[in-house]
Structure formats: C-alpha cells, structure tokens
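Participant: Requesting a structural model of the entry that follows:
(chains A and B)
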There are 2 protein chains.
Amino acid sequence: MPVEEGELYNLQTMDEPELNDNIQRLRAQLDEVDRQIVRTINHRALLVQELAAVKGEAGVALYDPKREEKILQRVAEENAGPIYDATMREIFEIIMHRIRDLESYR
Amino acid sequence: MPVEEGELYNLQTMDEPELNDNIQRLRAQLDEVDRQIVRTINHRALLVQELAAVKGEAGVALYDPKREEKILQRVAEENAGPIYDATMREIFEIIMHRIRDLESYR
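Facilitator: Now for the predicted structure:
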C-alpha cells in the first residue's frame, strides 16, 4: 500500500490529537506488517526444509550456490524500493544464510 | 502453510521424475515467498517514512529506542519458528537499521 502524496500534504493542517492518532494508526500498521514479515520468513524456512528433504531423497546436493546467486539477482530486480537493491540483497543474504545454518544443525 | 508430516514420509516411494517435479514445485513456492518478503519489507519502509513525516509535523523525535526494543521483543515472542527467536531478532535489527539509514539520507 504506497503512501498517497495527498496524505502527507494534509499533515500541515492537522492538530496535535490528529497527529497523535495518526502515529498510533501507523504503529498498529507497522506491527501488523512485522507479523507478516515474521510469518513469511518462517514460511521460507519451512519450504527450504521441505526442499532439503526432497533433495536428500533424490540424492541432489543441498547447497546450490548458482541457484542462490540467481535468487539474489531476482530479489534485486524485483525490488520496487524504497529500500535500495543492494540493501535488499544484503537482507536476503542474511535470511538465506540463517536458514542454511538451521539446516546444518539438524 | 506448514509442512504436513505425511508429505515427507511419501518421499520414499517417489521415483526420480516425481522428486524432480517436487523440487521444481518447491522452488516456485520459494520464489513466490521471496516476492512476498521483498514487498513486505518495502511496505515496512514506506510506513516508517510516513511515520517520520507525521512525527516531524508533530515535533516528536524520529528515533525511539524504547519502541524499537519493544518491537524486537514482540518479534521474538510472536516467532513460531523454525527460525530461532534470537535469529529472527537479528534479522529484524538489520531490517530496522537499514530502514533508518534510508531515513537519514533523505
């Protein structure tokens, strides 16, 4: 849900209670987005675990650096911002490495 | 969508084409989850930018370490795994810091 420009311009005519209401509303939205991020990253980890089980059965190597590089490239390509492509790539590298660590501890 | 135990046990009766189909299917699901992660992290950044605009108008400090610590605690509490709580906290610290960096460059 992108921010409408109009919303920002209206800020200047808001009084303090209105601004505080807005802060509370945005924080509630942030909390909901954070729950989605937690759920989605765990969903990724579950899929990687399932993939590891199938790969193990098929005798395919678990770690595939070429596929990982492809994922990181696509993540940067599909990134619409405002987070920089290089930053999104960095965030994904950490997520992928942490999920791989999880695999090797099992 | 958690992995059903039954799905894993059935792997042992699958032949190679079935296992390869499964690998392709899981990779397609991973790609879709990755798109969701990219979208959701950018949504978080947009909300933080909107919050910064409202806070600026209200004369409230942009950076609130207490609220940040509360977010990190809740993220760990709401984490259902398989990613460890401490790891999820670490991932969120990076996401939040990178979004804050974005703010200070504007």
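Participant: could you pull out the helices for chain A?
Facilitator: A:5-9, A:16-58, A:65-78, A:85-105 (DSSP state H).
Participant: Could you list the low-pLDDT ranges of chain A?
Facilitator: A:1-10, A:104-106 (pLDDT under 70).
Participant: center of it - which residue?
Facilitator: Nearest residue to the geometric centre of chain A (C-alpha atoms, centre = their mean): A:Ile37, 5.6 Å.
Participant: so what's A:Ile23 up against?
Facilitator: By C-beta atoms under 8 Å, 6 or more residues apart in numbering or on different chains, the contact set of A:Ile23 is B:Leu51, B:Val54, B:Lys55, B:Ala58, B:Val60. All C-beta atoms are positioned from the backbone trio N, CA, C, and that covers glycine.
Participant: The fourth one - how many residues pack around it?
Facilitator: Pointing back at B:Ala58 there. By other C-beta atoms under 10 Å in any protein chain shown, 16 other residues sit near B:Ala58.
Participant: That one and A:Pro17 touch, don't they?
Facilitator: No. Using C-beta atoms under 8 Å as the test, B:Ala58 is too far from A:Pro17 to be in contact (10.1 Å).
Participant: circling back to that earlier point, buried subset of the contacts of A:Ile23?
Facilitator: Neighbour-count burial (16 or more other C-beta atoms under 10 Å in any protein chain shown) applied to the contacts of A:Ile23 gives B:Leu51, B:Val54, B:Lys55, B:Ala58.
Participant: got a list of what the last one touches?
Facilitator: Contacts here follow C-beta under 8 Å, 6+ apart; on that basis B:Ala58 touches A:Glu16, A:Leu19, A:Asn20, A:Ile23.
Participant: quick one: the last one and A:Val75, what's the gap?
Facilitator: Summarising the geometry, the distance separating A:Ile23 from A:Val75, computed by C-beta to C-beta, to the nearest Å, is 31 Å.
Participant: go on, the second one?
Facilitator: Here the distance between A:Leu19 and A:Val75 works out to 36 Å (C-beta to C-beta).
Participant: These two: who's more crowded?
Facilitator: Using other C-beta under 10 Å, the more surrounded residue of A:Leu19 and A:Val75 is A:Val75, with 22 against 18.
Participant: Can you get me a residue count around the closest residue in space to that one that isn't next to it in sequence?
Facilitator: Among residues not flanking A:Val75 along the chain, A:Phe92 sits closest, at 4.9 Å (C-beta to C-beta, 6 or more residues apart in numbering or on different chains). Counted by other C-beta under 10 Å, the residues lying close to A:Phe92 total 22.
Participant: A:Asp34 now?
Facilitator: Residues lying near A:Asp34 (other C-beta under 10 Å) number 21.
Participant: Now do the contacts for it.
Facilitator: Taking C-beta under 8 Å, 6+ apart as the contact definition, A:Asp34 lies against B:Arg44, B:Ile71, B:Arg74, B:Val75, B:Phe92.
Participant: try 7 Å this time
Facilitator: Going by C-beta atoms under 7 Å, 6 or more residues apart in numbering or on different chains, A:Asp34 touches B:Ile71, B:Val75.
Participant: What distance do you get for the closest residue to A:Glu68 other than its chain neighbours to A:Glu78?
Facilitator: Among residues not flanking A:Glu68 along the chain, A:Met96 sits closest, at 6.4 Å (C-beta to C-beta, 6+ apart). Going from A:Met96 to A:Glu78 by C-beta to C-beta gives 15 Å.
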